[in-house]
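*Asks:* With the sequence up front, the predicted model follows.
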Amino acid sequence: MTSLVISPLAKPGSSQAANLSDPTTSAFLEALRPHGALPLVVAYAGRETRAGYHVTEVKSGRFSGLDCGANPEAWTETFVQVWDVPGADGERVMTAAKFLAIMDKVSRDAGIDPDSRLTFECGDDVGVIGLYAVAGIVVEPRRVLVSLSPRQASCKPRDRWFEAQGLDRPARLTPDDARTEKAIREAASGCCSPSRPAAKGAGCC
């Protein structure tokens, strides 16, 4: 998980951005606390939540598994489900304080790992729900805007290789990129490969 990198947030009435990249649950909540009086708006999939949106579910869990190089993985994750629907006439968007009160109650009653990965599940009353990570927070004079970006499928051994090399991962692969990365995965990361079957009891999961 990428750690939170944040400059001091603006006081209510000004405008300043917080540089977030997939923060932990606690880091995200603490970034909101100074701005509880402001309406909280969530931007996802090219739109912003409407006045009637609300948090329909918060769940947390501990997960374990194997990646495609048969490497063990273990992590905790908190999911916040947002139902994005129109509000009644004159209805106002929930404040950051109300959102924090919901999260604090879940933490007290059900338990939340403060260091867990945070994932938003957003959808409306007709579409398919999507999974999103926090991309940033902007504190504006009249609201707090939380921007989300889609969670992408990824090859974890490949991601670790790029991180170890200090390289940015390509956002979208061309056929040439895919051929190059296949060689990277096979040679450096132990990823699954039809041309290199796993040894018994090891290798590809």
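*Replies:* Sure, I can see it.
*Asks:* pull the helix or strand with minimum mean pLDDT from the chain.
*Replies:* strand 16-19 (a mean of 52; mean pLDDT, DSSP states H and E).
*Asks:* Do you have the helices of the chain handy? List them.
*Replies:* Remark: helices assigned in the chain by DSSP state H are 25-32, 96-109, 156-165, 175-184.
*Asks:* so for the first one, what's the average pLDDT?
*Replies:* To tie it back to what came earlier, the one meant is helix 25-32. The pLDDT scores in helix 25-32 average 97.
*Asks:* Pull the contacting residues for the spatially most central residue of the chain.
*Replies:* Centroid-nearest residue in the chain, with C-alpha atoms, centre = their mean: Ala133, separated by 1.9 Å. Counting by C-beta atoms under 8 Å, 6 or more residues apart in numbering, Ala133 touches 22, 118-120, 148-151. Any C-beta I mention is one placed from the backbone N, CA and C, and that applies to glycine too.
*Asks:* ranking the helices of the chain by burial, who's on top?
*Replies:* Stretch with highest mean neighbour count among those: helix 25-32 (a mean of 20; mean count of other C-beta atoms under 10 Å).
*Asks:* That helix versus helix 96-109: what angle between them?
*Replies:* Helix 25-32 and helix 96-109 are oriented at 150 degrees to each other (axes from the mean of the first three to the mean of the last three C-alpha atoms, to 10 degrees).
*Asks:* Tell me which two in the contacts of Ala133 are the farthest apart.
*Replies:* Farthest pair in the contacts of Ala133 (C-beta to C-beta) is Leu118 and Pro150. Separation: 14.3 Å.
*Asks:* Tell me which of those two has more neighbours.
*Replies:* Per other C-beta atoms under 10 Å, whichever of Leu118 and Pro150 has more neighbours is Leu118, with 23 against 13.
*Asks:* Any regions of this structure where pLDDT drops low?
*Replies:* Applying pLDDT under 70 to the chain picks out residues 1-20, 171, 184-205.
*Asks:* what about the strands in it?
*Replies:* Per DSSP state E, the chain carries strands over the ranges 16-19, 40-44, 47-48, 54-66, 72-83, 117-123, 130-139, 144-150.
*Asks:* Buried by neighbour count, from the contacts of Ala133: which ones?
*Replies:* 22, 118-120, 148 (16 or more other C-beta atoms under 10 Å).
*Asks:* Which parts of the protein belong to which domain?
*Replies:* Per automatic domain parsing, the domain ranges recorded for the chain read 16-150, 154-205.
*Asks:* From Asp115, how far off is Glu30?
*Replies:* According to C-beta to C-beta, to the nearest Å, Glu30 and Asp115 sit 12 Å apart.
*Asks:* swap that for Trp75, sorry
*Replies:* Taken as C-beta to C-beta, the span from Trp75 to Asp115 is 9 Å.
*Asks:* Repeat that for Glu48.
*Replies:* Distance of Glu48 to Asp115, given as C-beta to C-beta: 29 Å.
*Asks:* who's more crowded, these two?
*Replies:* Between Glu48 and Asp115, counting by other C-beta under 10 Å, Glu48 is the more crowded of the two (16 against 13).
*Asks:* you'd agree that one is up against Val82?
*Replies:* No. The criterion here is C-beta atoms under 8 Å, and Glu48 misses it with Val82 at 11.5 Å.
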